[in-house]
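Participant: using only what follows, build the 3D model:
(chains A and B)
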Amino acid sequence: MVAEEEREPIAFIVDDDEGVRQSIRRLFDEVSMPALEFGSANDFLEAYDPDQPGCLLLDIRMPGMSGTELQRTLLEREIFLPIIFITGHADVALAVECMKLGAFDLIEKPFRAQRLLDTVHQAMAKDREDRALRTWVAEAKRRFSLLTNREREVVDLAVTGLTNREISEELGITSQAIDAHRSKAMWKVGVMRVTDLVRLSDLANR
Amino acid sequence: MGTAPPPRSRRQSLAVTILLAGAVLALDLSVPLGVAGGVPYVAVVLVSLRSPDPRLPIRTAVLCSVLTLAGLLLSPSGGVVWMVLANRTLAVFAIGVTAVLGTRWQEASQEMAKQQLRLAEVSRVNMAGELASGIAHELNQPLASVLNYAEAASLAVRRGEVSPEKLLKDLQSIADGAELGGQILRRLRGFLAHRPIERSPHNINALVREAMSLLSSERKQLSIDMQIRIPATLPRVMVDPVLIQQVLVNLARNAIEAMQDSETKQLVIRAAQHDSEDVEIAIEDSGKGPERPDIETLFEHFVSTKPEGLGVGLAISRSIVEAHGGHLTAERNPYRGMTFRFTLPPVDAAPSAEG
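Facilitator: Numbering: from 1, shown residues only, chains lettered A, B, ... in the order given. All right, here's what the predicted structure looks like:
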């Protein structure tokens, strides 16, 4: 059902320290992980296409827009790329704040390659799942928008487990009419079984 | 420029006080009774306030009051009786008030000095904390990058797909990172020299006395006997006064702290010029000297012999002296204590900088 072809995920490295940035890049090159470097939060914001999957490796402390400010900006723009914070010193308060805002993980410098690569793989997997889910939700919402008000009413009651008779009592129309509305609705949203209708309705209501 | 009065020892103060009181008594006895001959005792009380013994002023006041009343009996007669009595009473009153207010003032200024010391201590600790956190952050950058290159190179080697060129590049990057780390540490060593050094001609005697006035309360508290022996013929030196005074305070404070538990507490500051070259300043104490055998390690960062010491003072002092083109050295005295010596360039090396 997802028509879009899947794009290869990219690890975005945002750190003002060129040495650190390039060394991480070198590590990613070694394991053939596509990566892009940015020296500032603004450079990244300007260049980033929200449809590009991957994850973001972000230095917390940077001149100009800081890592945490970039995190907030991305949230405001509804960009949900997983963020792995990289920090030079353990600032507990800052770390807690980042995690509360939904950071994927926080790694302290200096770090072992395996720790970074594992975390990046996990973050990319999560991004893939999140994107798939968001695509499904959007698709379900689109399909449900095709329904008439009456059809929507019938479906909303049917997915809660009510029988035709109970629905007809609730809405004051005949059981045959309910049947007809429900069949039409299922045909419109493209499901054959009630269990699929329940799942789709669940997505559409997210 | 306010130079602090030299603190006297207890015995000296007591002797001076008694001598003065005797002088006032003699004066009192030599003038007619009608003259307010007891009033100069106020001056005796004021002089006694300079003693390190906090009880001396009150004792002096009692003594002077007694002497004032004794003068009533011993002075040659003359004057109206009620006026004589009023004069004596007022003198005793003035002596008492001076002693009480003086003692209070002394207590208050001691408390203030203590608070200032505490404040300075706190700011020193804060500075060290910030410094340490700053170093940690800065050093982490090259460390992270060194680690990344090393890991990337070992990954490549483990997979067996490594060209010597690629490996060489990684090794070069590792070397660069290590070098950067060293640069950060070097920068740290001269962190006080963030401010550009502003040299101008200065009189060593004035510099030393002003710096020592900053330590007068500590010196007084520990009853340290300080001698400044600087010949007036010395040329002026080309220095940044703030930085050099920082060195002087640092070294003198170390000396004072080293003598805390010593029997003899003698701080001697000398200056001399050998063969019209650099001027040498020596700070000599009579403390127990450092326990560590290798004196040179005292100058290393974060090495301290004091329980609450941070171990940056001497290292910073040496950086400052070296930034002036001088040397700072330490040596054990043959008898007891230590001497720190440092050299400074005299002004005639650059006469045009005058003014």
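
Participant: in the stretch 101-250 of chain B, where is pLDDT below threshold?
Facilitator: B:117, B:119-134, B:187-196 (pLDDT under 70).

Participant: do chain A as well
Facilitator: Chain A contains residues with pLDDT under 70 at A:1-5, A:89-91.

Participant: domain parsing for it?
Facilitator: As given by automatic domain parsing, the domain ranges for chain A are A:10-136, A:146-204.

Participant: out of the ones you listed, which gets nearest to chain B?
Facilitator: Proximity to chain B (Cβ to the nearest Cβ) singles out domain A:10-136 among those, at 3.5 Å. For every residue, glycine as well, the C-beta is placed using N, CA and C.

Participant: before we move on, back to that, return the most buried member of the domains of chain A.
Facilitator: Comparing the domains of chain A by mean neighbour count (mean count of other Cβ atoms under 10 Å in any protein chain shown), domain A:10-136 ranks first with a mean of 17.

Participant: give me the distance between the two termini of that domain.
Facilitator: With Cα to Cα, to the nearest Å applied, domain A:10-136 spans 22 Å between its terminal residues.

Participant: quick one: the helices in chain A?
Facilitator: With DSSP state H as the criterion, chain A has helices at A:18-30, A:41-47, A:67-76, A:92-100, A:113-144, A:149-158, A:164-171, A:175-189, A:194-204.

Participant: in three-state terms, label residue B:66 for me.
Facilitator: Here residue B:66 is recorded as helix under DSSP: H, G, I helix; E, B strand; the rest coil.

Participant: quick one: it from residue B:166, how far?
Facilitator: Residue B:66 sits 97 Å away from residue B:166, taking Cβ to Cβ, to the nearest Å as the criterion.

Participant: now swap in residue B:157 and tell me
Facilitator: Note on residue B:157: its distance to residue B:166, by Cβ to Cβ, is 10 Å.

Participant: who has more neighbours, those two?
Facilitator: Neighbours were counted for residue B:157 and for residue B:166 using other Cβ atoms under 10 Å in any protein chain shown; residue B:166 has more, 16 against 12.

Participant: contacting residues around the more buried one?
Facilitator: Residue B:166 sits next to residue B:156 when contact means Cβ atoms under 8 Å, 6 or more residues apart in numbering or on different chains.

Participant: do residue B:265 as well
Facilitator: Applying Cβ under 8 Å, 6+ apart to residue B:265 gives the contacts B:222, B:223, B:224, B:225, B:259, B:286.

Participant: and it, how far from residue B:321?
Facilitator: From residue B:265 to residue B:321 the distance is 26 Å (Cβ to Cβ).

Participant: and for residue A:183?
Facilitator: According to Cβ to Cβ, residue A:183 and residue B:321 sit 95 Å apart.

Participant: same question, residue B:88
Facilitator: Computed as Cβ to Cβ, the residue B:88 to residue B:321 distance reads 60 Å.

Participant: which residue is the nearest non-sequential neighbour of the residue of chain A most remote from its centre?
Facilitator: Using Cα atoms, centre = their mean, the residue of chain A lying farthest from its centre is residue A:174. It sits 42.1 Å away. Leaving aside its sequence neighbours, residue A:174 sits nearest to residue A:168 (Cβ to Cβ, 6 or more residues apart in numbering or on different chains; 6.0 Å).

Participant: go on, residue A:136?
Facilitator: residue A:203 (5.3 Å).

Participant: which residues in the stretch 151-300 of chain B form strands?
Facilitator: Counting by DSSP state E, counting those that start in this stretch, the stretch 151-300 of chain B has strands at residues B:200-202, B:225-229, B:237-239, B:266-273, B:279-284.

Participant: hmm, back to that, show me what contacts the residue nearest to residue A:174?
Facilitator: A:174, A:175, A:177, A:178 are the contacts of residue A:168 under Cβ under 8 Å, 6+ apart.

Participant: quick check: end-to-end length of stretch B:199-207?
Facilitator: Across stretch B:199-207, the terminal residues are separated by 13 Å (Cα to Cα).

Participant: could you do stretch B:45-53 as well?
Facilitator: End-to-end span of stretch B:45-53 (Cα to Cα): 13 Å.

Participant: related to what we said a few turns ago, which of the contacts of residue B:265 count as buried?
Facilitator: For the contacts of residue B:265, a burial check counting by 16 or more other Cβ atoms under 10 Å in any protein chain shown picks out B:222, B:224, B:225, B:259, B:286.
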